[in-house]
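# Structure for the following, please:
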Amino acid sequence: MKQDEIDALVPRWKEAGLPSSLIATLELGKRVTRLHLLFEQAIKAELSELGLTYAEFDVLTTLNRADDPPYRMKPSELSKSLMLTSGGISNVLQRLAAAGYVEREADPGDARSRWVRLTDEGRRQARAALKASTRAHTEITAALPEETVRQAADVLRELLVHVGRRRYR
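Take a look at the predicted model:
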């Protein structure tokens with residue numbers, strides 16, 4: 001079996017007297033984190049060609065999926081969906097508005113609220129960003145058989161369904 005950088009940590013955990021079940025859990029967490037970082041790095045490299053940050057990509061693609069048309073959501077919905085703070089989403093929306101990718105419009109049903117809507121240029125940029133993300137994902141997994149990727153995705157789904165049910169303080 002091939003080894004990765006996480007395998008180098010295992011002897012130290014064993015020396016520390018950690019039980020094998022905990023070591024397996026630590027390996028899983030470290031590998032999931034490492035994979036996430038590798039995917040994110042590859043996507044960010046592709047997005048930089050479009051002049052987008054990862055957060056901007058997330059907002060554009062989320063709006064692009066939002067009830068087409070009008071491709072709009074409230075900032076609070078975006079914040080919740082993307083797990084960004086209200087300040088974080090506000091900064092991203094300001095940058096996207098300055099680039100002409102989103103517009104803010106009044107909510108006729110609530111004078112205190114506003115909608116964020118993709119512009120035509122924003123939809124074009126969202127599609128380009130999705131293509132860039134697809135290239136990054138394809139490049140990362142190119143050397144792996146599709147069945148291996150499918151099996152990994154299925155196992156991770158099973159873990160996520162179980163772990164996602166837990167409540168943390």
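
# list the buried ones in stretch 140-153?
Using 16 or more other Cβ atoms under 10 Å as the test for burial, stretch 140-153 gives Ile140. Backbone N, C-alpha and C define where each C-beta goes, glycine included.

# distance between it and the chain's centre?
19 Å (Cα atoms, centre = their mean, to the nearest Å).

# Please enumerate residues in contact with that stretch?
Identification of contacts with stretch 140-153 by Cβ atoms under 8 Å, 6 or more residues apart in numbering yields 38-39, 42.

# Same question for stretch 43-55.
40, 56-57, 60, 82, 84, 88, 92, 95, 99, 125, 128-129, 132-133, 135-137.

# Helices - which of these land there?
Under the assignment DSSP state H, the contacts of stretch 43-55 contribute 40, 56-57, 60, 82, 88, 92, 95, 125, 128-129, 132-133, 135-137 to helices.

# could you say which helix or strand contains the residue nearest to Arg135 when sequence neighbours are not counted?
Setting aside the residues directly before and after it, Arg135 is nearest to Glu46 in space (Cβ to Cβ, 6 or more residues apart in numbering), at 5.7 Å. Per DSSP states H and E, Glu46 falls inside helix 20-48.

# What residues of that helix count as buried?
Buried, per 16+ other Cβ under 10 Å, within helix 20-48: 27, 42-43, 46-47.

# Ok, stretch 66-76 next?
Buried-residue list, stretch 66-76, by 16+ other Cβ under 10 Å: 66, 71-73, 75.

# and that stretch, C-alpha only, in CSV?
What follows is stretch 66-76, C-alpha atoms only, in CSV (Å, rounded to 0.1, in the frame of the first residue of the first chain):
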residue,chain,number,x,y,z
ALA,A,66,-31.0,30.4,-7.0
ASP,A,67,-34.4,30.0,-8.7
ASP,A,68,-33.4,31.0,-12.2
PRO,A,69,-34.4,33.6,-13.0
PRO,A,70,-34.2,36.0,-11.1
TYR,A,71,-30.9,34.5,-9.7
ARG,A,72,-31.3,36.4,-6.5
MET,A,73,-31.1,35.8,-2.7
LYS,A,74,-31.0,38.0,0.4
PRO,A,75,-27.5,38.6,1.9
SER,A,76,-28.6,36.8,5.1
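
# Which one of the ones in helices among the contacts of stretch 43-55 sits in the busiest neighbourhood?
In terms of neighbours by other Cβ atoms under 10 Å, the ones in helices among the contacts of stretch 43-55 top out with Leu60 at 29 neighbours.

# Much appreciated, bye for now.
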